[in-house]
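**Student:** I'll drop the sequence and a predicted model, then ask my questions.
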Amino acid sequence: MTDCAHFPRLLADIGGTNARFALETAAQQWTRVEVLACADYACLGDAVRAFLQHAGNPAVRHAAMAVATPVAGDWVQMTNHHWAFSIEHTRRDLGLDTLLLLNDFTAQALAVAQPDKRDLLQIGGGEAVPDAPKAVIGAGTGLGVSGLLPAGNGTWLALAGEGGHASFAPQDDAERQVWQLAAQRFGHVSAERVLSGAGLALVYEALAGQYAGEPPQLDAAEITRRRHTVPAARRAVDVFCGALGTAAGNLALTLGARGGVYLCGGIVPRLRDDFAQSPFRARFEHKGRFSAYLAAIPAYIVLAQHPGLTGASAALRQHLRGRC
């Protein structure tokens, strides 16, 4: 019989670029967190074994992994990386009793179900309504979209969706320029093509020609780093933040997210105070007859270091509770 109380447990948050691993020694208590580059390993199993070897090969029986791709059935194909694997085969190969896979933004949503206010930076709006739906959106390697619905007795249902691949609808001339470049390059222009690290680079590329002497291309890290000194980078960041505001406002309306909108991912937390002065909030609220409705909804930048691991831990705890 499975010992559901067994620790340590293996937690992972696997994106298109990096895989974050941790050992959980007790509920929400981690002894180590290590970030490995996905490109350095041929498969997920190799990355897991490398982490466990670095940790001294502890006896792990239960694991939960948040992955940046849909999880439906046993076969998992990463959206922004070449890894593809069977959950059951990987479980057996790693000698685990339990291997739980969940979408990375489902994990992000679970992490903000009961957030630590010290890990949140509010961007406008009023007070969150208790027990109202919450929206979760985050730009990084891709664009993650999820939500939390109240399920009674203080519990929450996290939505597993792929809203980042919904179509992008430009709202002004700058966004139309971005859309045209993306359409030429990709055909279908999803929100993720614009609201991601690669998307920020595409926004810059589409607009840089308007600025004499500016580099024609910069990657996302350079754009954010040089946003105070390079006018085209500043413009790209503003356009990006405005488009994110529209997407977040759409999500808030769809879910009725009066419990707040939570902004995760790697890009927005890097902008911090600049983000508060960006077009994000104005575009978030720019919804005609429902502008006042959105003006009351708080948005929060999630500053927690590893929300994906927190959500994976919560999901594993709930899963094991249901088995024992």
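**Tutor:** Right, received. Where do you want to start?
**Student:** can you list the domains in this protein?
**Tutor:** According to automatic domain parsing, the chain comprises the domains 9-109+307-323, 116-302.
**Student:** need these in JSON lines with mean neighbour count, can you?
**Tutor:** Where you see a C-beta, it was placed from the backbone N, CA and C, and this is true even at glycine. Formatted as JSON lines, those follow (neighbours: other CB atoms under 10 Å):
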{"stretch": "domain 9-109+307-323", "mean neighbour count": "19"}
{"stretch": "domain 116-302", "mean neighbour count": "19"}
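**Student:** would you turn those into a markdown table with mean pLDDT?
**Tutor:** Below are the domains of the chain laid out as a markdown table (pLDDT from 0 to 100):
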| stretch | mean pLDDT |
| --- | --- |
| domain 9-109+307-323 | 93 |
| domain 116-302 | 96 |
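**Student:** Leaving out the residues flanking it, which one is nearest to Ala166?
**Tutor:** Ala191 (5.6 Å; CB to CB, 6 or more residues apart in numbering).
**Student:** Okay, and Pro215 sits in which element?
**Tutor:** Using DSSP states H and E, Pro215 is not contained in any helix or strand.
**Student:** so who does the nearest residue to it once chain neighbours are set aside touch?
**Tutor:** Leaving aside its chain neighbours, Pro215 sits nearest to Ala208 (6.9 Å; criterion: CB to CB, 6+ apart). Contacts for Ala208 (CB atoms under 8 Å, 6 or more residues apart in numbering) come out as 214-218, 232, 236.
**Student:** Just to check, Leu100 is in contact with Leu316?
**Tutor:** Yes. With contact defined as CB atoms under 8 Å, Leu100 reaches Leu316; the gap is 5.4 Å.
**Student:** Got phi/psi on Ala212?
**Tutor:** Dihedral pair for Ala212: phi -60, psi 130, per degrees, to the nearest 10.
**Student:** From Ala84, how far off is the residue nearest to Ser86 when sequence neighbours are not counted?
**Tutor:** In space, and not counting its chain neighbours, Ser86 is closest to Asp74: 5.3 Å by CB to CB, 6+ apart. As judged by CB to CB, to the nearest Å, Asp74 and Ala84 stand 12 Å apart.
**Student:** Next one: the residue nearest to Ala166 from Leu100, what distance?
**Tutor:** 28 Å.
**Student:** got it, and Trp179?
**Tutor:** Look at Trp179 and Leu100: by CB to CB, they are 38 Å apart.
**Student:** go on, Arg289?
**Tutor:** 43 Å.
**Student:** Same check on Leu195?
**Tutor:** Distance of Leu195 to Leu100, computed by CB to CB: 28 Å.
**Student:** How about Gly213?
**Tutor:** Look at Gly213 and Leu100: by CB to CB, they are 52 Å apart.
**Student:** now Asp119
**Tutor:** Distance from Asp119 to Leu100, by CB to CB: 24 Å.
**Student:** Return the distance of the longest helix seen in the chain from the chain's centre.
**Tutor:** For the chain, the helix with the greatest residue count under DSSP state H is helix 231-255. Relative to its chain's centre, helix 231-255 lies at 15 Å (CA atoms, centre = their mean, to the nearest Å).
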